[in-house]
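S.K.: Got a sequence here, can you build the structure:
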Amino acid sequence: MEDRIITYGGQAVIEGVLMRGQKSLAIAMRNPKGEIVLHTEQLARVYRSGITKLPFLRGVILLWDALGLGMRALTISANTQTGEDEKLEGAPLYLTMALSFAFGIGLFFLLPAMIGGWVETFFHSSTGGGGGLPAPALQAIASSPGLWIGNLVEGVIKLALLVGYIWAIGFMPDIRRLFGYHGAEHKTINAYEAGVELTPENVTKYPIQHARCGTAFLLTLVLLSILVFTALGPLPMLWRLTSRILLIPVLAGFAVEYIRWTANHLDNRIVQWMIKPNLALQSLTTRDPDTQMLEVAIASFQAMRQAENQS
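M.R.: I've put the predicted structure just below:
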């Protein structure tokens, strides 16, 4: 194909699907009347610049892509459902984005780090560690079981929060529909990559999981954080929490490279085994879509492709 399929992706929005290409994005949504409404726009030039080709640094771009463009797409889809009279924009929108971001960082990174730090301190004190950290990191790792237990507790809590949160919200009717559109997005991209005509009858036959899913990115990010933060050794609580925030872009860069590498080597049996946890977690974030959801996902993908060809 003339396109680099690796650049195509998307996400579910409220009663719709966003599809993102190299130069454009499109959002297809069903309005309250049941009609498919399309929104297309060009991506900023930074997404086509050389910076997006630099390994690891492009992970930071993806993180912004997921937070910035994704939140804006959700807002557009929400406004489509509520109409002009209840439109979310301006200060309320930015406040909502800031609170959502702070909630995610606090719940999935800072809270586990605090609990792990308390466990670490408890074990350090109970083994006669005294008031201060051992100077050499290797000595601390070898001599203090609290380091390993504290980081293990932090990692287990992170995984439990991630899986538990996704599982719990999946019982909400609106979220279940969102997950249905997520499944429609995956099936559409899988069908496109297989080279078949994009019709609901064809698309519905394809898998509901996809190796480049954002869910896989989240799980990879959490698992990498466990390894990296354990390697940092024992830290005072303030530095422990600060490191969890400052290293998020770095971890995102590594997570993106891992996802890209596995997606490009899916014919390898070892890689197929490595991505099983990522695909398993997607069973919580996707639902089998109905025909109307597939129609929306296909409309979004085709609108994005048309915008790409015209730009």
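
S.K.: ranges for the helices of the stretch 101-250 of the chain?
M.R.: For the stretch 101-250 of the chain, the helices defined by DSSP state H, counting those that start in this stretch occupy 111-126, 137-143, 145-169, 173-194, 200-203, 214-231, 237-246, 248-263.

S.K.: what comes up buried for the longest one?
M.R.: For helix 145-169, burial by neighbour count (16 or more other CB atoms under 10 Å) applies to 146-147, 150-151, 153-155, 157-159, 161-162, 166. For glycine as for every other residue, the C-beta is placed from the backbone atoms N, C-alpha and C.

S.K.: can you give me the angle it makes with helix 214-231?
M.R.: 160 degrees (axes from the mean of the first three to the mean of the last three CA atoms, to 10 degrees).

S.K.: Packing partners of helix 145-169?
M.R.: helix 111-126, helix 137-143, helix 214-231, helix 276-285 (3 or more CB pairs under 8 Å, 6 or more residues apart in numbering; DSSP states H and E).

S.K.: Present those as CSV; the columns should include mean neighbour count.
M.R.: CSV is the format used below for the helices and strands packed on helix 145-169 (neighbours: other CB atoms under 10 Å):
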stretch, mean neighbour count
helix 111-126, 19
helix 137-143, 13
helix 214-231, 19
helix 276-285, 18
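
S.K.: Which one of the helices of the stretch 101-250 of the chain lies nearest to R45?
M.R.: helix 248-263 (20.1 Å; CB to CB).

S.K.: Quick one, grab the pLDDT at the residue lying closest to S225 once chain neighbours are set aside.
M.R.: Nearest non-adjacent residue to S225, counting by CB to CB, 6 or more residues apart in numbering: L251, 5.5 Å away. On the pLDDT scale, L251 is placed at 89.

S.K.: and L251, what is it in contact with?
M.R.: Contact partners of L251, counting by CB atoms under 8 Å, 6 or more residues apart in numbering, are L221, L224, S225, V228.

S.K.: Identify the residues contacting the last one.
M.R.: The reference is to V228. By CB under 8 Å, 6+ apart, the contact set of V228 is L247, V250, L251.

S.K.: Name the nearest of the residues you listed relative to E197.
M.R.: Of the contacts of V228, the one sitting nearest to E197 (CB to CB) turns out to be L251, at 39.6 Å.

S.K.: How much space separates the closest one from F123?
M.R.: Per CB to CB, to the nearest Å, L251 is found 26 Å from F123.

S.K.: now Q282
M.R.: With CB to CB as the criterion, Q282 and F123 are 36 Å apart.

S.K.: One more: N268?
M.R.: 41 Å.

S.K.: elements contacting the host helix or strand of H39?
M.R.: Using DSSP states H and E, H39 sits within strand 36-42. Under the contact criterion of 3+ CB pairs under 8 Å, 6+ apart, strand 36-42 touches strand 24-30, helix 291-310.

S.K.: So what's the residue count around E35?
M.R.: Counted by other CB atoms under 10 Å, the residues lying close to E35 total 8.

S.K.: ok, P55 - contacts?
M.R.: P55 neighbours (CB under 8 Å, 6+ apart): G253, E257.

S.K.: repeat for R305
M.R.: R305 neighbours (CB under 8 Å, 6+ apart): G21.

S.K.: Can you pull out the residues in contact with the host helix or strand of Y94?
M.R.: Using DSSP H and E, Y94 falls within helix 90-105. Helix 90-105 is contacted by residues L67, M71, T75, L88, I245, I248 when judged by CB under 8 Å, 6+ apart.

S.K.: State the phi and psi torsions of T286.
M.R.: T286 adopts backbone torsions of phi -130, psi 150, taken as degrees, to the nearest 10.
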